[in-house]
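[1] Got a predicted structure plus its sequence, pasted below:
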Amino acid sequence: MKIKMLSRNPDDYGRETKRDIQRLPRNYDPSLHPFEAAREYTRALNATKLERVFAKPFVGALDGHRDGVNCMAKHTGSLSTLLTGACDGEIKIWNLASRDCRRTIQAHSGFVRGLCVTPDHSNFLSIGDDKTIKMWSLTSPDAGEEEEPVHTILGKNIFTGIDHHWKDTTFATCGQTVDIWDHARAEPLRSFSWGVDSLNCVRFNPIEKHYLASCAADRSIILYDTRGSSPLRKVILNMRSNVIAWNPMEAFVFTVANEDHNLYSFDIRRLTSPFNIHMDHVNAVLDLDYSPTGREFVSGSFDKTIRIFPLDKGRSREVYHTKRMQRVFCIKWSLDNKYILSGSDETNVRIWKAKAAEKIGKLTPREESALSYNDKLKEKFQHHPQVKRIARHRHVPKEVHHLTRQTRIMKDSRRRKEQNRIRHSKPGSIKKKREREKVVVAEQE
């Protein structure tokens, strides 16, 4: 006689925390769960509320500078190392894991204008108002020895920006011209100029490594190729751009931080207009940096706030601020995509979480599955009015709130004036322009 038996592994039906509680199988037939959508909406609403309850983005501060933090550089080979330069010429090397300063170097007389780490992670470069480029070793000197630069280059003009090639021993500086240097030479390999008095920022493309871009004082953005002898293209905007940042995952995308409170994302294949305008700041944007994934970027502004923007959206998903934080001069996104580092005018370097409600530390499998389920629910109901209202609501300083309302009134007034002009003019005499078409004034090659 043949007897059929059901054999089940108890581990598949027991919980990971308490083995005496049995997990019940579930039938996913929608006809058996007529109230599933209502239950999921309630869970999505609760998950959105709890996300705002647990949103505590501030992690800690690195206090040690005696003057405002003017520039910052990430160490591409070490997640726990950060370099900062102050307005008094002082450079500090920090250990982010222990939040203490490992070295202090009095590098320049005047502002430290820029820092960058070499690709071999052995040295770093600094520029200042004293017209010098100095190379320093990243290894600490022996006890009793003075901090001396490995190499010093004396320039003819003040340098305002520096960036290193991602593979070679060449680096670029900007001032009155964009100069390409080599570690072994005291004179630039070549210089680029295009009728500009001064340039603010220069950045190498992390993917197409021979391309670089700079922002100039005449409101222009200039593209270069280090293998050529002259600049490639020039785009002039309505107002001056302070900083440019390349997308680390898409070689043809870059974003500029502008004086008109906005950030503009461009595609170099079509520079006649930006493909996205990011609006939420209420004062000049001073710095920005991309996340390692290339999907988001963070910006610091003169309005004393930090904002995180998705690349494909025009509004920020997060705003960070504190009572003591002043104008944010420099901002960086950590290479592990988890933290944001900001340097401001009141001498502090602050550490923030990239996701405000994210739990720091290791998660249990049950926590991971619960958080993943909540994220899917929030994504499913993200366009529902109540969920959207709670997810977007942020408390901002009173000054930022008033300026935001004032900016909205000004935009509505300009839009109304343009509509009235079109309405009372001859049909077809005035062409209505989209907001993106108003940004670029001219393009030159």
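    That came in fine, so what should we check first?
[2] For the helix or strand hosting residue 300, name the packing helices and strands.
    Per DSSP states H and E: residue 300 is located in strand 296-301. Judged by 3 or more CB pairs under 8 Å, 6 or more residues apart in numbering; DSSP states H and E, the packing partners of strand 296-301 are strand 285-290, strand 306-310, strand 328-333, strand 339-344. Yep, even glycine has a C-beta here, placed from its N, CA and C like the rest.
[3] Give me the buried positions along it.
    296-301 (16 or more other CB atoms under 10 Å).
[4] hmm, who's touching that strand?
    The contact list for strand 296-301, computed with CB atoms under 8 Å, 6 or more residues apart in numbering, reads 245, 255, 257, 261, 263, 278, 281-291, 306-311, 317, 327-331, 333, 340, 342, 344, 354.
[5] At which residues are the helices of the stretch 51-200 of the chain located?
    Here the stretch 51-200 of the chain has no helices by DSSP state H, counting those that start in this stretch.
[6] Low-confidence stretches in it?
    144 (pLDDT under 70).
[7] again, 80 this time
    142-146, 195-197 (pLDDT under 80).
[8] Shouldn't residue 283 be within a strand?
    No: counting by DSSP: H, G, I helix; E, B strand; the rest coil, residue 283 is not found in a strand; it is coil.
[9] hang on, isn't it packed against residue 261?
    Yes: under the criterion of CB atoms under 8 Å, residue 283 makes contact with residue 261 at 6.0 Å.
[10] Closest one of the buried residues of strand 296-301 to residue 148?
    Residue 148 lies nearest to residue 300 out of these, by CB to CB, at 32.9 Å.
[11] Just give me the neighbour total for the nearest residue to that closest one once chain neighbours are set aside.
    Excluding the flanking residues, the one nearest residue 300 by CB to CB, 6 or more residues apart in numbering is residue 328, at 3.1 Å. Residues lying near residue 328 (other CB atoms under 10 Å) number 27.
[12] Surely residue 328 touches residue 288?
    No: Residue 328 is not in contact with residue 288 according to CB under 8 Å; the separation is 10.4 Å.
[13] rewinding a little: pairing partners for the strand holding residue 300, with directions?
    strand 285-290 (antiparallel), strand 306-310 (antiparallel) (DSSP bridges).
[14] Make a markdown table out of these and add mean neighbour count and distance to residue 430.
    Converted to a markdown table, the strands paired with strand 296-301 look like this (neighbours: other CB atoms under 10 Å; distance: least, CB to CB, whole Å):
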| stretch | mean neighbour count | distance to residue 430 |
| --- | --- | --- |
| strand 285-290 | 23 | 31 |
| strand 306-310 | 22 | 32 |
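[15] Name the residues linked to the residue nearest to residue 300 by a beta bridge.
    On the basis of DSSP bridges, residue 328 is bridged to residue 344.
[16] Likewise for residue 171?
    Applying DSSP bridges, one finds that residue 171 bridges with residue 164, residue 181.
[17] That one against residue 162, yeah?
    Yes: with contact defined as CB under 8 Å, residue 171 reaches residue 162; the gap is 6.4 Å.
[18] what sits in contact with each of the two?
    116, 125.
[19] What number of neighbouring residues does the closest residue in space to residue 311 that isn't next to it in sequence come out with?
    In space, and not counting its chain neighbours, residue 311 is closest to residue 295: 5.7 Å by CB to CB, 6+ apart. Residue 295 has 13 neighbours, counted by other CB under 10 Å.
[20] distance of residue 295 from residue 247?
    Remark: distance between residue 295 and residue 247 (CB to CB, to the nearest Å) = 9 Å.
[21] Walking through the stretch 1-150 of the chain, point out its strands one by one.
    Residue ranges of the strands in the stretch 1-150 of the chain, as given by DSSP state E, counting those that start in this stretch, are 58-63, 69-74, 81-86, 90-95, 100-106, 112-117, 123-128, 132-137.
[22] Would you mark the buried spots in the fourth one?
    When you say that, I think you mean strand 90-95. Those would be 90-94, for strand 90-95 by 16+ other CB under 10 Å.
[23] just the longest one next, same as before
    When burial is assessed from 16+ other CB under 10 Å, strand 100-106 yields the following buried residues: 101, 103, 105.
[24] now do stretch 241-253
    Buried, per 16+ other CB under 10 Å, within stretch 241-253: 241-248, 253.
[25] ok, and what's touching it?
    With contacts defined as CB under 8 Å, 6+ apart, stretch 241-253 is touched by 200-201, 203-208, 211, 213-215, 219, 221, 254-259, 264-269, 284-290, 292-295, 297, 311.
[26] Using PDB, write out every CA atom in it.
    What follows is stretch 241-253, C-alpha atoms only, in PDB (Å, rounded to 0.1, in the frame of the first residue of the first chain):
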ATOM      1  CA  SER A 241      27.400  80.700 -13.300                       C
ATOM      2  CA  ASN A 242      29.500  80.000 -10.200                       C
ATOM      3  CA  VAL A 243      30.300  76.300 -10.500                       C
ATOM      4  CA  ILE A 244      30.000  73.500 -13.000                       C
ATOM      5  CA  ALA A 245      29.700  69.800 -12.300                       C
ATOM      6  CA  TRP A 246      29.800  66.800 -14.700                       C
ATOM      7  CA  ASN A 247      27.500  63.900 -14.300                       C
ATOM      8  CA  PRO A 248      29.700  60.900 -13.400                       C
ATOM      9  CA  MET A 249      27.500  58.400 -15.200                       C
ATOM     10  CA  GLU A 250      26.600  60.300 -18.400                       C
ATOM     11  CA  ALA A 251      29.500  61.900 -20.200                       C
ATOM     12  CA  PHE A 252      27.500  64.500 -22.100                       C
ATOM     13  CA  VAL A 253      25.500  65.900 -19.100                       C
END
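[27] rounded to a whole number, what's the mean pLDDT of that stretch?
    Averaging pLDDT along stretch 241-253 yields 93.
[28] again with stretch 205-216
    So the average pLDDT for stretch 205-216 ends up being 92.
[29] Quick one: end-to-end distance for that stretch.
    17 Å (CA to CA, to the nearest Å).
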